[in-house]
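Trainee: 3D, please:
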Amino acid sequence: MKLYFDLNYLFRLYSNECGADDVRALAVSAEIIASAWHARAEMATIFLRKWREKVYSNADLAESRAQFADELNVGAISLLPLNEAVMQRLEFVIQNSPRRTFLRAADALHLVCASEAGFTEVYSNDCHFLAAASLFGLRGINVIAQSQPAED
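Mentor: Take a look at the predicted model:
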């Protein structure tokens with residue numbers, strides 16, 4: 001089974017942030033975790049931010065980077081390509097979205113990659129991401145305990 005995680009869920013595989021246990025429990029059920037190609041850049045910057053904010057020690061930073069790289073190398077995490085067809089679909093969906101749509105570029109890239117790769121569900125706890133999922137024919141799911149507020 002393959003699951004699609006956005007950055008919020010992908011990062012929780014390497015952190016002890018609120019909801020990480022729920023996300024890791026879900027991940028155990030998957031053979032592969034997929035995300036968009038740009039998630040690699042997102043992970044690099046979130047690791048840097050956590051180190052800058054002193055949430056991560058030097059050792060934590062090195063360990064998280066190494067674990068992420070290892071999981072990419074062995075195929076446990078698969079990064080989906082961004083190509084012309086993906087970008088054309090993204091532009092089409094955005095051009096035909098309702099005015100009230102709140103959609104960040106990185107989220108749109110995640111959603112279109114998941115849709116183009118044949119996923120029907122995506123996992124996140126980002127309320128804007130989850131709300132926009134249906135624009136791409138996807139069902140957004142948040143498995144983090146209901147007592148936890150969705151991020152925006």
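Trainee: Now do the same contact list for Leu135.
Mentor: For Leu135, the set of contacting residues under the criterion of Cβ atoms under 8 Å, 6 or more residues apart in numbering consists of Val93, Ser97, Thr101, Leu103, Leu111. (C-beta placed from N, C-alpha, C; glycine too.)
Trainee: pretty sure the third one contacts Ser134?
Mentor: No. Between Thr101 and Ser134 no contact is recorded; they are 10.5 Å apart, counting by Cβ atoms under 8 Å.
Trainee: These two: which has the busier surroundings?
Mentor: For Thr101 versus Ser134, the count of surrounding residues by other Cβ atoms under 10 Å is larger for Thr101: 14 against 11.
Trainee: how about the closest residue to the more buried one other than its chain neighbours, what does it touch?
Mentor: In this structure, Thr101 finds its nearest non-sequential neighbour in Ala132, 6.5 Å apart by Cβ to Cβ, 6 or more residues apart in numbering. Taking Cβ under 8 Å, 6+ apart as the contact definition, Ala132 lies against Thr101, Phe102, Leu103, Asp107, Ala108, Leu111, Gly140.
Trainee: and if you look at His128?
Mentor: When contacts are taken as Cβ under 8 Å, 6+ apart, His128 is in contact with Phe102, Leu103, Arg104, Asp107, Asp152.
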